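# Would you be able to build a 3D model of this:
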Amino acid sequence: MILEEALSRIHLLRESWDKTLSTVEESPRRIVTLEASYKYKKVGDLSLKQDDLFRRAFRCVENELYRAAHVMGWAGFVDFLHEKFAEYTFVKLRNAMPNWNIAVVEDLRERSDFQLIDASRKINYLRKNEQKALHGLLNKRNECGHPEDYYPGMNETLGFLSELLNRIKTFQARPL
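Predicted coordinates for the structure are as follows:
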């Protein structure tokens, strides 16, 4: 009984410690807070692949691989968009982009992310401000995925991942 009470108190102390440290600007405990939000609050159903990509992004942040975290998070987001369009026929996309020959999601994956964002706007899935915001996020991803002089820190990376997750949550509820 004494051991159970001691373990319970240790658990409460750990939760309190995590909560306090999660408010410190450069504390790695902020990652725990964001991951908990991801797991329990932010996003609904993601595919196993998308879930794995976001979990890898969080592991990259834990290991201070911030550029890799941007790339992994973006990959999870784009896979979400691909699968969102795959749920329905590609008729709207083919009408909006007549030179695209798409019949299955793999055909869509051959298009650039920039083209996918623009096509999403053309079929009225995205609003103009969302299109601009996604172009900005894609630019951040590209700066991280290609040799550039951009070296994001933990704050930029957690903000990037948080914004992607918030966008997914918004888009999940939006019909095509």
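# Okay, buried residues for the host helix or strand of residue 138 please.
If you go by DSSP states H and E, residue 138 is part of helix 128-145. With burial defined by 16 or more other Cβ atoms under 10 Å, the residues of helix 128-145 counted as buried are 130, 131, 134, 137, 138, 140, 141, 142, 143, 144. Glycine gets a C-beta too; all of them are placed from N, C-alpha and C.
# And the fourth one, how close does it get to residue 12?
Distance of residue 137 to residue 12, given as Cβ to Cβ, to the nearest Å: 38 Å.
# With the third one instead?
Noted for residue 134: a distance of 41 Å to residue 12, by Cβ to Cβ.
# Then the last one?
Between residue 144 and residue 12 the distance is 38 Å, computed by Cβ to Cβ.
# what's the helix or strand containing residue 55 packed up against?
For residue 55, the element it lies in under DSSP H and E is helix 48-62. When contacts are defined as 3 or more Cβ pairs under 8 Å, 6 or more residues apart in numbering; DSSP states H and E, helix 48-62 sits against helix 29-37, helix 66-86, helix 154-172.
# With respect to burial, which of these scores highest?
The highest average neighbour count among the helices and strands packed on helix 48-62, using mean count of other Cβ atoms under 10 Å, belongs to helix 66-86 at a mean of 21.
# That one vs helix 154-172, what angle?
Note on geometry: by axes from the mean of the first three to the mean of the last three Cα atoms, to 10 degrees, helix 66-86 and helix 154-172 are set 0 degrees apart in direction.
# Quick one: mean pLDDT for helix 66-86?
For helix 66-86, mean pLDDT rounds to 94.
# Keeping just the C-alphas, turn it into PDB.
C-alpha atoms of helix 66-86 as PDB (Å, rounded to 0.1, in the frame of the first residue of the first chain):
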ATOM      1  CA  TYR A  66      14.200  20.300 -36.600                       C
ATOM      2  CA  ARG A  67      14.600  20.400 -40.400                       C
ATOM      3  CA  ALA A  68      13.800  16.700 -40.600                       C
ATOM      4  CA  ALA A  69      10.700  17.300 -38.400                       C
ATOM      5  CA  HIS A  70       9.500  19.900 -40.900                       C
ATOM      6  CA  VAL A  71       9.900  17.400 -43.700                       C
ATOM      7  CA  MET A  72       8.200  14.500 -41.900                       C
ATOM      8  CA  GLY A  73       5.300  16.700 -40.700                       C
ATOM      9  CA  TRP A  74       4.700  18.100 -44.200                       C
ATOM     10  CA  ALA A  75       4.700  14.500 -45.600                       C
ATOM     11  CA  GLY A  76       2.000  13.500 -43.200                       C
ATOM     12  CA  PHE A  77      -0.100  16.600 -44.100                       C
ATOM     13  CA  VAL A  78       0.200  16.000 -47.900                       C
ATOM     14  CA  ASP A  79      -0.600  12.400 -47.400                       C
ATOM     15  CA  PHE A  80      -3.800  13.500 -45.600                       C
ATOM     16  CA  LEU A  81      -4.700  15.700 -48.600                       C
ATOM     17  CA  HIS A  82      -4.000  12.900 -51.100                       C
ATOM     18  CA  GLU A  83      -6.200  10.500 -49.100                       C
ATOM     19  CA  LYS A  84      -8.900  13.100 -48.600                       C
ATOM     20  CA  PHE A  85      -9.200  13.400 -52.400                       C
ATOM     21  CA  ALA A  86      -9.000   9.700 -52.800                       C
END
